[in-house]
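# need coordinates for the following:
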Amino acid sequence: MSALSQYLELYDAQQATIAAHAPAALNTLRDAARGALDHAVLPRRGNEDYEATDIEALLAPDYGININRLPYQGNPSESFRCDVPNMSTCLRYLVNDIYRDDTATGILPQGVIVTSMAQAAQQCPQLLDQHYGRVARLDNPVTALNTLLVQDGLFIYVPDGVVMDKPIQVVNIFNAATPVMATRRILVVMGRNASARLLVCDHTQRDGVAYLSNQVVEVIAGEGSMLDYYDLEESTPATTRLHAIYIDQQAHSNVLVDGITLLNGITRNNCHVEVNGEGATTQLMGMTIASGKQHVDNYTHISHNAPRCTSNEMYKYVLDDEAIGAFAGRILVKPGCPRVEAYQGNRNVCASPTARMYTKPQLEIYTDDVKCSHGAAVGQLDEEALFYMQQRGIPLKTARTMLMQAFVFDVVDAVRMEALRDRLHHLVEKRFNGTLARCGACAGCSTTEPTKQGQ
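From the prediction side, this is the model:
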């Protein structure tokens, strides 16, 4: 029996309950998602396109699923201490997979909406109906599973011409006392010439409890809009994260996605970008620091469907001990799209002989008059540099840390939020020194627990 079978059986048995606890917009795509999963095959280890990640194995355990939407007790704003101080944000919490509107902070500009999808269905149903599921691809079985089981999510809308001064910060927290799968969904709609910055932080508050996060993010970037999407993961070795972001860019829009993995268990990130308007700019950045048996896999796909657009991506990994990293990136330039400039890079350091890195950059170009390049490199720390530093009195451990920090800091420097950029420099230093604690100063919350598979 495949790992998907248990979820399909749950859905078939509990379809009415799942739908009853969700807004109507989220129910409209369940039949399509169910059909897409009928013959879906999850990637397994050894498959040509997924050398490092066995999605089938990750979905096999029997996680609890809170289909009755039982509330989790406790105040996340009291138990969670943000590790990015001095940054004034509009803060929102999702505890496991329950949006906590009662703990929202920050005053939003007029017309801006940041709320649950259940509330959005009451407040702005046309916007939710128009955009939900518009860019997420059901041919990805993990995305189809998310669409099948999701019962709520976060809706963000920035109207035409609105420029947000404060960033929006979304904190995803795992704190259940038993293994739980959280099905999370975020929909971001940017109006014409709108501008916003979004920081999404994943945190785990209990060591040793197995969690699975299945999160899908959809971004509609209207003409001339600007969006920075920062994704920061600080979880635990027992946490599995399956994350997919789908982006639709219109003419002259500017989107930056910067994903940073500092602490985790097994992580698979997918990023799909459809560049559908002339003059759009896309920047994808990623940084991974992994040690022990951590596993981080990033897949990116940028499709240039319009002329005179620019994309630039750079992913860097530092792997130590028995950590595994993977990167697969694809840039597609379709026919009739001249004057596209697209660059893709993947640079990696294996700081131990037992660390492993898999990399597969790809270009597909079907038009003339373009400037495109890609490249990948895997190496070790510079022994000559280490020797030189030790000769000048710098201990070997310190010298290694300094070289690894210097290697990744250009990705951190791409962050366009000064307070976050400064704090990330500090967090990266702490991570390499082995002093980075999860969630800064988190205290566990008391919870109301779901039972196995469906309570």
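
# helix, strand, or coil at the closest residue to Asp368 other than its chain neighbours?
Spatially, and ignoring its direct neighbours in sequence, Asp368 is nearest to Pro338 (6.4 Å; CB to CB, 6 or more residues apart in numbering). C-beta coordinates here come from the backbone N, C-alpha and C atoms, glycine included. Using DSSP: H, G, I helix; E, B strand; the rest coil, the structure places Pro338 in coil.

# okay, Pro338 and Cys309: tell me how far apart.
Using CB to CB, to the nearest Å, we find Pro338 at a distance of 10 Å from Cys309.

# who has more neighbours, those two?
A side-by-side neighbour count of Pro338 and Cys309, using other CB atoms under 10 Å, places Cys309 first with 26 against 12.

# check whether that one really touches Glu278, as I assumed.
Yes - at 6.8 Å, Cys309 counts as touching Glu278 under the criterion of CB atoms under 8 Å.

# where do the helices sit along this protein?
Along the chain, counting by DSSP state H, helices occupy 3-20, 24-27, 30-37, 55-58, 76-79, 117-123, 125-131, 141-149, 383-391, 396-413, 418-433.

# excluding covalently adjacent residues, which one is nearest to Arg185?
Once flanking residues are discounted, Arg185 sits nearest to Gly153: 3.1 Å by CB to CB, 6+ apart.

# next: Leu149.
In space, and not counting its chain neighbours, Leu149 is closest to Thr183: 4.7 Å by CB to CB, 6+ apart.

# what do you get for Ser225?
Ser225 sits nearest to Met190 (CB to CB, 6+ apart), 3.9 Å away.

# just Tyr315 next, same as before
Distances taken as CB to CB, 6+ apart place Gly286 nearest to Tyr315, at 3.8 Å, with adjacent residues excluded.

# if I look at the one you found, how far off is Asp297?
Computed as CB to CB, the Gly286 to Asp297 distance reads 11 Å.

# hmm, back to that, His304 versus the residue nearest to Asp368, what's the distance?
Applying CB to CB, the value for Pro338 to His304 is 10 Å.

# Leu263 against Gly434, yeah?
No - taking contacts as CB under 8 Å, Leu263 lies outside contact range of Gly434: 11.1 Å.

# so those two - more neighbours on which side?
Leu263 (24 against 9).

# show me what that one bridges to in the sheet.
Counting by DSSP bridges, Leu263 is bridged to Glu234.

# just the pLDDT at it, thanks.
Note for Leu263: predicted pLDDT of 94.

# list the contacts of it.
For Leu263, the contacting residues are Glu233, Glu234, Ser235, Thr236, Gln294, Arg431, Leu436, Arg438, by CB atoms under 8 Å, 6 or more residues apart in numbering.

# so which two of the residues you listed are the farthest from each other?
Taking CB to CB, the two most distant members of these are Thr236 and Arg431; they sit 14.1 Å apart.

# re the thing from before, Ile365 is in contact with the residue nearest to Asp368, correct?
No - in this structure, Pro338 is not within contact of Ile365 by CB under 8 Å, at 10.7 Å.

# quick revisit: what touches both of Gly286 and Asp297?
Contact criterion CB under 8 Å, 6+ apart; residues shared by Gly286 and Asp297: Asn269, Phe327.

# least confident secondary structure element in this protein?
One helix or strand of the chain scores below all others by mean pLDDT, DSSP states H and E: helix 76-79, with a mean of 65.

# so where's the stretch 1-150 of the chain shaky on pLDDT?
Applying pLDDT under 70 to the stretch 1-150 of the chain picks out residues 1, 45-52, 73-75, 77-87.

# could you redo the last one with a cut-off of 80?
Scanning the stretch 1-150 of the chain for pLDDT under 80 picks out the ranges 1, 43-52, 72-87, 101-104.

# could you find the closest non-adjacent residue to Asn433?
Thr401 (6.3 Å).

# report the contact partners of the one you found.
Glu429, Phe432, Asn433 are the contacts of Thr401 under CB under 8 Å, 6+ apart.

# from what I see, Cys201 and Pro167 are in contact.
No - with contacts counted by CB under 8 Å, Cys201 stays clear of Pro167, the gap being 11.4 Å.

# only the buried residues of stretch 135-142, if you could.
Going by neighbour count (16 or more other CB atoms under 10 Å), the buried part of stretch 135-142 is Val135, Ala136, Arg137, Leu138, Asn140, Pro141, Val142.

# how many other residues sit next to the closest residue in space to Val411 that isn't next to it in sequence?
Among residues not flanking Val411 along the chain, Met287 sits closest, at 4.1 Å (CB to CB, 6+ apart). Here the count is done by other CB under 10 Å, and Met287 has 24 residues near it.

# which one in the contacts of Leu263 is the model shakiest on?
Arg438 (51).

# ok, for Asp207, nearest residue in space, not its chain neighbours?
Leaving out its chain neighbours, the residue that sits closest to Asp207 by CB to CB, 6+ apart is Thr236, at 5.5 Å.

# quick check on that neighbour: phi, psi?
phi -140, psi 170 (degrees, to the nearest 10).

# okay, it and Asn264: tell me how far apart.
Counting by CB to CB - Thr236 and Asn264 are separated by 8 Å.

# for this structure, identify the residue most remote from the centre.
Largest separation from the mean C-alpha position in the chain: Gln391, at 41.8 Å (CA atoms, centre = their mean).

# against Met404, how distant is that one?
19 Å.

# kindly report the same for Tyr246.
Separation of Tyr246 from Met404 (CB to CB) stands at 32 Å.

# just Asp231 next, same as before
Taking CB to CB, one finds Asp231 at 21 Å from Met404.

# distance between the ends of stretch 157-166?
By CA to CA, to the nearest Å, the extent of stretch 157-166 from end to end equals 14 Å.

# wait, stretch 217-235
Start and end residues of stretch 217-235 are separated by 19 Å (CA to CA).

# now swap in stretch 410-422 and tell me
Its start and end residues considered, stretch 410-422 measures 13 Å (CA to CA).

# which residues does that stretch contact?
With contacts defined as CB under 8 Å, 6+ apart, stretch 410-422 is touched by 84, 86-87, 167, 197, 199, 228, 230, 256, 258, 260, 283, 285-287, 314-316, 424-425, 428.

# buried ones among those residues?
Buried by 16+ other CB under 10 Å: 84, 87, 167, 197, 199, 228, 230, 256, 258, 260, 283, 285-287, 314-316, 424, 428, out of the contacts of stretch 410-422.

# just the ones of those in strands?
Of the buried ones among the contacts of stretch 410-422, the ones assigned to strands by DSSP state E are 197, 199, 228, 230, 256, 258, 260, 283, 285-287, 314-316.

# can I get those residues in CSV with distance to Lys334 and pLDDT?
Listed next are these as CSV, based on distance: CB to CB, whole Å; pLDDT from 0 to 100:
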residue, distance to Lys334, pLDDT
Arg197, 30, 96
Leu199, 32, 94
Asp228, 26, 97
Tyr230, 29, 95
Leu256, 23, 96
Asp258, 26, 94
Ile260, 31, 94
Gln283, 20, 96
Met285, 24, 94
Gly286, 24, 94
Met287, 30, 94
Met314, 23, 94
Tyr315, 23, 95
Lys316, 29, 94
